[in-house]
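Chemist: 3D, please:
(4 chains)
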Number of protein chains: 2
Amino acid sequence: MTPQTRSPSGYSTWRLIAEELRSEIVDESLAPGTRLPTERELVERFGVHRHTVRQAVATLATEGLVARRQGSGTFVVERPRLVHRIGLRTRWSDSLGHRADASPGVLLEAGPDPCPPADVVMSLDLHERAALRTEMVRSVDGLALVRTTDWFVAAAVPDFARHYRDVGGSTTAALRAIGIDDYLRVSSTITARLATFAESTDMDLPGGAVVLVVRGLDALPDGTPLRYGISRFRADRVELNVDT
Amino acid sequence: MTPQTRSPSGYSTWRLIAEELRSEIVDESLAPGTRLPTERELVERFGVHRHTVRQAVATLATEGLVARRQGSGTFVVERPRLVHRIGLRTRWSDSLGHRADASPGVLLEAGPDPCPPADVVMSLDLHERAALRTEMVRSVDGLALVRTTDWFVAAAVPDFARHYRDVGGSTTAALRAIGIDDYLRVSSTITARLATFAESTDMDLPGGAVVLVVRGLDALPDGTPLRYGISRFRADRVELNVDT
DNA sequence: AGAAATTTGTGCGTATGTATG
DNA sequence: TCATACATACGCACAAATTTC
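Modeler: Numbering: from 1, shown residues only, chains lettered A, B, ... in the order given. Just a heads-up that it's a prediction; the model follows:
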């Protein structure tokens, strides 16, 4: 485990240990409220110096994942986790709209996209039609939980950005103002990866954060494609749910 | 980006750059078959020494994610990606069974679990009944893609391990041999995190690999809970799909 | 209440790894 | 290849808070 004996992985020992412990916490193998193994036990388990274990736990403490109490131990902090349901009607308002502490979505950008990715062109049939792209961040309790990029068929959602701001940051309400009362989720594709630098900046993520990426296609009840969206969720604070 | 100006993250600079590029490849921002930016461009973009970007790209090349061609450039390698469908009937046989190169599941362990996690006890109503736990790895083309842990109500699946081996590594077939012809997915919960040391060993994952974690509850058509499963997928090779 | 054991917090010194130039 | 600056990991010692007996 020492840098001398390990092959160069690009990960420091304390970071590896920190991520191992984080996995167990996110997984609830270490349940909220319970005590972490003592530093002595962690030293034993990982075969490293106490300072190394301490630096690992220190980063988790800085992130607010655990709380250390001198003489007593280190404890897993209880943290609310957002459950985002994926189904026929997938709406932010259902997942975080009812929470008193949910802020409206912040529109970072909205404008024409001259050259959307190939799968977006395909899904929305944008060969002959212009695309509108929106970039948003959504937060709960001051914590950014999701970063979204959406494409619309521009002609179908006139003045989207203005309506979005007018209704106070709700996509569903903005679409209703335009005259679109209902839309359905056709399919969702879920992947996961490490956050990019840009995402870490936009969502203020800790180092090495994992994001859940959901690509979804929404259509009008008659089947006309309406929106192609890419949502990137903080994986340590959000879980996706599919009921069948 | 220099070690002097960065706050200590536990990641070496080349590792950060490697993971950034990997995210773009997994995301298909850098599509299969396309050329990576030149070393010169990467040096420019990340503001680091040429040795540093070379080490980053070298790691991706070792993993087979990119191929370097002298005088030509570095290219993103095309790699098959497994799509695992989540729906009412979620079966391995549907996702990877029809592939000629799919190996049967390898049963690592099967036996009584005296003390399953709280949510498993709850979902399967194991307060008074014994639990059977199975641990498996499933591979395609010699590449381990998923590591599963399943709990059954022991009394409902007598001799499961024997049947599983007899039918050659298929859960659905083993259950049929026991007399269970059909079962349905009740709900699925999806999270993501870095792989643990144990998972990295079992699935032979590269350092810092991300896993998609799916917790699912299966029940008999009459609603009796049958199985609670935790599946951990290699996130760089598997995507989940939900059609609604 | 008090002593001992346990657990986290802190300091210094040394050797090695990392990234730049 | 070498020099420089910083980060990492280890070894040892002791302090402070809490729990245990």
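
Chemist: Quick check, pLDDT for the spatially closest residue to A:Q55 that is not a sequence neighbour.
Modeler: Leaving out its chain neighbours, the residue that sits closest to A:Q55 by C-beta to C-beta, 6 or more residues apart in numbering or on different chains is A:W14, at 4.1 Å. Using the backbone N, CA and C atoms, a C-beta is placed for each residue, glycine as well. pLDDT recorded at A:W14 is 95.

Chemist: Is there contact, residue-wise, from the helix or strand hosting A:W14 to DNA strand D?
Modeler: Element membership for A:W14, per DSSP states H and E: helix A:13-26. Yes: interface with DNA strand D: helix A:13-26 contributes A:13-15 (C-beta under 7 Å from any atom of the strand).

Chemist: Among those, find me the one that's closest to B:I190.
Modeler: Nearest to B:I190 out of the residues of helix A:13-26 next to DNA strand D is A:R15 (C-beta to C-beta; 25.4 Å).

Chemist: tell me the contacts of that closest one?
Modeler: Neighbour list for A:R15: A:56, A:59, A:208, B:9-11 [criterion: C-beta atoms under 8 Å, 6 or more residues apart in numbering or on different chains].

Chemist: can you do 7 Å?
Modeler: B:10-11 (C-beta atoms under 7 Å, 6 or more residues apart in numbering or on different chains).

Chemist: ditto for A:R50
Modeler: Here A:R50 is in contact with A:39, A:43 (C-beta under 7 Å, 6+ apart).

Chemist: Distance of it relative to DNA strand D?
Modeler: A:R50 sits 7 Å away from DNA strand D, going by C-beta to the nearest atom of the strand, to the nearest Å.

Chemist: ok, now which ones touch the residue nearest to A:Q55?
Modeler: A:52, A:55-56, B:10.

Chemist: Kindly indicate the member of those with the most neighbours.
Modeler: A:A56 (26 neighbours; other C-beta atoms under 10 Å in any protein chain shown).

Chemist: Quick check: phi and psi at it.
Modeler: Recorded main-chain torsions at A:A56 are phi -60, psi -50, according to degrees, to the nearest 10.

Chemist: wait, it sits on A:E20?
Modeler: No: checked against C-beta atoms under 7 Å, the pair A:A56 and A:E20 is beyond contact range at 8.3 Å.

Chemist: hey, C-alpha coordinates of stretch A:156-172 in PDB?
Modeler: Provided in PDB are the C-alpha atoms of stretch A:156-172 (Å, rounded to 0.1, in the frame of the first residue of the first chain):
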ATOM      1  CA  ALA A 156     -42.300  23.700 -31.200                       C
ATOM      2  CA  VAL A 157     -41.400  25.800 -28.200                       C
ATOM      3  CA  PRO A 158     -41.400  29.500 -29.200                       C
ATOM      4  CA  ASP A 159     -40.000  31.900 -26.600                       C
ATOM      5  CA  PHE A 160     -39.200  29.000 -24.200                       C
ATOM      6  CA  ALA A 161     -36.500  30.900 -22.300                       C
ATOM      7  CA  ARG A 162     -38.800  33.900 -21.600                       C
ATOM      8  CA  HIS A 163     -41.700  31.600 -20.500                       C
ATOM      9  CA  TYR A 164     -39.300  29.600 -18.300                       C
ATOM     10  CA  ARG A 165     -38.200  32.700 -16.500                       C
ATOM     11  CA  ASP A 166     -41.800  34.100 -16.300                       C
ATOM     12  CA  VAL A 167     -43.100  31.000 -14.600                       C
ATOM     13  CA  GLY A 168     -40.200  30.900 -12.100                       C
ATOM     14  CA  GLY A 169     -38.100  28.000 -13.200                       C
ATOM     15  CA  SER A 170     -40.300  25.100 -14.100                       C
ATOM     16  CA  THR A 171     -40.000  23.300 -17.400                       C
ATOM     17  CA  THR A 172     -43.500  21.800 -17.200                       C
END
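
Chemist: Which parts of it count as buried, going by neighbours?
Modeler: A:156-157, A:160, A:163-164, A:167, A:169-172 (16 or more other C-beta atoms under 10 Å in any protein chain shown).

Chemist: of all those residues, which two lie farthest apart?
Modeler: Using C-beta to C-beta, those reach their maximum pairwise distance at A:A156 and A:G169, which is 20.4 Å.

Chemist: Show me what counts as buried in stretch A:65-85.
Modeler: A:65-66, A:74-76, A:82, A:84.

Chemist: Please compute how far that stretch lies from its chain's middle.
Modeler: From the chain centre to the centre of stretch A:65-85 is a distance of 19 Å (C-alpha atoms, centre = their mean, to the nearest Å).

Chemist: Stretch A:175-184 now?
Modeler: Mean C-alpha position of stretch A:175-184 versus that of the full chain (C-alpha atoms, centre = their mean) differs by 25 Å.

Chemist: so for it, what's the average pLDDT?
Modeler: Mean predicted confidence for stretch A:175-184 is 92.

Chemist: Could you tell me the end-to-end distance of it?
Modeler: End-to-end distance for stretch A:175-184, by C-alpha to C-alpha, to the nearest Å: 13 Å.

Chemist: Just the buried residues of that stretch, please?
Modeler: Judged by neighbour count using 16+ other C-beta under 10 Å, the buried positions of stretch A:175-184 are A:175, A:177-178, A:183-184.

Chemist: now for the worst-scoring helix or strand of chain A on mean pLDDT, which elements pack on it?
Modeler: Lowest mean confidence among the helices and strands of chain A (mean pLDDT, DSSP states H and E): helix A:92, at a mean of 74. Helices and strands touching helix A:92, by 3 or more C-beta pairs under 7 Å, 6 or more residues apart in numbering or on different chains; DSSP states H and E: there are none.

Chemist: which is the next helix or strand following that helix?
Modeler: Next element after helix A:92 (DSSP H and E): strand A:106-113.

Chemist: partner strands of that next one, parallel or antiparallel?
Modeler: strand A:131-140 (antiparallel) (DSSP bridges).

Chemist: And the strand it pairs with, what's buried?
Modeler: Residues A:131-134, A:136-140 are the ones in strand A:131-140 that count as buried (16+ other C-beta under 10 Å).

Chemist: Kindly report the same for stretch A:147-158.
Modeler: A:147-154, A:156-157.

Chemist: Ok, stretch A:228-244 next?
Modeler: A:228-240, A:242, A:244.
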